[in-house]
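Peer 1: Sequence plus the predicted model coming up.
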Number of protein chains: 2
Amino acid sequence: MGPAGSDNWHAMLDGAETILREEGHAALTSRRVADQIGVKQRLVYYYFRTMDDLIIETFRRLSERELARLANAAGSQLPLRQIWEVCVNTADARLISEFMALATRIDGLGKEVIHFIESSRAIQIEAIRKASSGSKADHDLPAEALAVLATSVALALTRERQLGVRSGHPEMHGLIDRFLEGLEPRYAAIPDAPKG
Amino acid sequence: MGPAGSDNWHAMLDGAETILREEGHAALTSRRVADQIGVKQRLVYYYFRTMDDLIIETFRRLSERELARLANAAGSQLPLRQIWEVCVNTADARLISEFMALATRIDGLGKEVIHFIESSRAIQIEAIRKASSGSKADHDLPAEALAVLATSVALALTRERQLGVRSGHPEMHGLIDRFLEGLEPRYAAIPDAPKG
DNA sequence: GTCTATACACCGATAGAC
DNA sequence: GTCTATCGGTGTATAGAC
């Protein structure tokens, strides 16, 4: 078995990610991964015992990356806005759809996906709590519900946009902007700051 | 080509739906569909020119069914609550994930999916508008945004529930209940009606 | 560590008998 | 309308040379 973390190992995960994103998991085969990075098919089985292993590793690396982005956003100024940005510009919605579809059927992937969802939710909830306690906007929306809302809407908007649907999107984005402005005003401490 | 609407035709779509739901589109083959309904593989190609055609027809039949359920809910008493029920108890979230993943890559399916999303959104927006104008709850949430919210959250909750995630769900359901109660009270005209 | 070669199963789609 | 039989292609995974 080839070493995890080596150049070829990363290259194979990169290839798998690209294929999943652009063509879906029906096209994710050892031959395609090998072609993608210019090696022979046999080598894929030197680095990964099975294709399922490769898929699980691909998700694990991706989710670590995303959790790091989220944690970073939560520690920034304007954490809520940054978190929202991460959610909307997260890994391609197609990629997420593929992993969701696979999670039900590849044993071991489901566990990883659950861990990712719960970790990212925890980060979001904490950030929302902090922002709420420091804000004068009064709403009775539990942080847990807001975290679910953010994730759900971000994913749906991204997926629909990629598909070519726009109806309701401007109004949804407007609502989010207004809500964020109430909870985390862009220029809270600088009343006369320039706009934009 | 076999006649659309015949028993075998429906049986094949049923079989395709089951396979998609339980095993995903990687397992959706003409042989599997044939096995599922007890005929030989060749017959699938008598009723459908290609496997892509079969997939598109499967989605079309499903979406017509769902749009009918939605329209029916919109015409009921408590339309918002009924629509929410339809969204939450819609076709298996796994099934939706599969079609979403396929929509990007099967020409002709994307068009159908877009049509479905926009039609269901239009039904929801109209129902929300009606309910809002007849309600005394004052909120400044556009009907379009609420429709996007409902669809997004319902799908995400269903998907996560099937996966085994629960964090944030009770709070989310609580928020939805409170919101619906404000917009479409369960016993608006019957102040002393019994609870439950 | 990377390769050639191969075993064996399954795929979509078609030819053509009944 | 349903079948048997088959073509050419591709899949996972492994054996074993270098």
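Peer 2: That came through fine. Note that the structure is predicted; figures quoted are calculated from it, not measured.
Peer 1: Now the spatially most central residue of chain A: which helix or strand?
Peer 2: Centroid-nearest residue in chain A, with C-alpha atoms, centre = their mean: residue A:90, separated by 4.1 Å. Residue A:90 is part of no helix or strand, with elements assigned from DSSP states H and E.
Peer 1: got a list of what the closest residue in space to it that isn't next to it in sequence touches?
Peer 2: If you skip the residues right next to it in sequence, residue A:90 has residue A:66 as its closest partner in space, 6.2 Å away by C-beta to C-beta, 6 or more residues apart in numbering or on different chains. The C-beta positions use only the backbone N, C-alpha and C, and glycine is treated the same way. Under the criterion of C-beta atoms under 8 Å, 6 or more residues apart in numbering or on different chains, the neighbours of residue A:66 are A:86, A:90, A:91, A:116, A:120.
Peer 1: which SS state does residue A:66 fall under?
Peer 2: Under the three-state scheme (DSSP: H, G, I helix; E, B strand; the rest coil), residue A:66 adopts helix.
Peer 1: Which strands and helices lie in contact with the helix or strand of chain A with the lowest mean pLDDT?
Peer 2: Least confident helix or strand, chain A: helix A:93-103 with a mean of 91, by mean pLDDT, DSSP states H and E. Taking 3 or more C-beta pairs under 8 Å, 6 or more residues apart in numbering or on different chains; DSSP states H and E as the contact definition, the neighbouring helices and strands of helix A:93-103 are helix A:7-23, helix A:51-74, helix A:109-133, helix A:143-163, helix B:93-103, helix B:143-163.
Peer 1: Show me which residues of it are buried.
Peer 2: By neighbour count with 16 or more other C-beta atoms under 10 Å in any protein chain shown, helix A:93-103 contains the buried residues A:93, A:94, A:95, A:96, A:97, A:98, A:99, A:100, A:101, A:102, A:103.
Peer 1: Repeat that for stretch A:31-41.
Peer 2: Neighbour-count burial for stretch A:31-41, counted by 16+ other C-beta under 10 Å, picks out A:32, A:33, A:34, A:36, A:37, A:39.
Peer 1: The fourth one - nearest residue in space that isn't next to it in sequence?
Peer 2: Nearest non-adjacent residue to residue A:36, counting by C-beta to C-beta, 6+ apart: residue A:15, 3.5 Å away.
Peer 1: who's in contact with that neighbour?
Peer 2: For residue A:15, the contact set (C-beta under 8 Å, 6+ apart) comprises A:32, A:33, A:36, A:37.
Peer 1: again with residue A:115
Peer 2: Contact analysis of residue A:115 by C-beta under 8 Å, 6+ apart lists residue A:63.
Peer 1: Before we move on, what's the pLDDT of the nearest residue to residue A:128 once chain neighbours are set aside?
Peer 2: Counting by C-beta to C-beta, 6+ apart, residue A:143 is the residue found nearest to residue A:128 once chain neighbours are left out, at 4.0 Å. At residue A:143, the pLDDT value in this model is 97.
Peer 1: ok, residue A:143 - how many residues close by?
Peer 2: Neighbour count for residue A:143, taken as other C-beta atoms under 10 Å in any protein chain shown: 19.
Peer 1: I'd like to know how far it sits from DNA strand D.
Peer 2: Relative to DNA strand D, residue A:143 is positioned 42 Å away (C-beta to the nearest atom of the strand, to the nearest Å).
Peer 1: you'd agree that residue is up against residue A:125?
Peer 2: Yes - at 4.7 Å, residue A:143 counts as touching residue A:125 under the criterion of C-beta atoms under 8 Å.
Peer 1: just to revisit the earlier point, give me the subset of the buried residues of helix A:93-103 touching DNA strand D.
Peer 2: When those are filtered against DNA strand D using C-beta under 7 Å from any atom of the strand, no residues are retained.
Peer 1: related to what we said a few turns ago, and DNA strand D, which of the buried residues of stretch A:31-41 reach it?
Peer 2: When the buried residues of stretch A:31-41 are filtered against DNA strand D using C-beta under 7 Å from any atom of the strand, the residues retained are residue A:32.
Peer 1: Which single one of the buried residues of stretch A:31-41 is nearest to residue B:130?
Peer 2: Distance ranking of the buried residues of stretch A:31-41 against residue B:130, using C-beta to C-beta, places residue A:32 first at 50.9 Å.
Peer 1: The closest one touches residue A:18, doesn't it?
Peer 2: No - using C-beta under 8 Å, residue A:32 is not in contact with residue A:18, being 9.6 Å away.
Peer 1: Need the distance between the two termini of stretch A:30-43.
Peer 2: 9 Å (C-alpha to C-alpha, to the nearest Å).
Peer 1: Show residues contacting that stretch.
Peer 2: Contacts of stretch A:30-43 (C-beta under 8 Å, 6+ apart): A:2, A:8, A:11-12, A:14-16, A:18-19, A:44-45, A:51, A:54.
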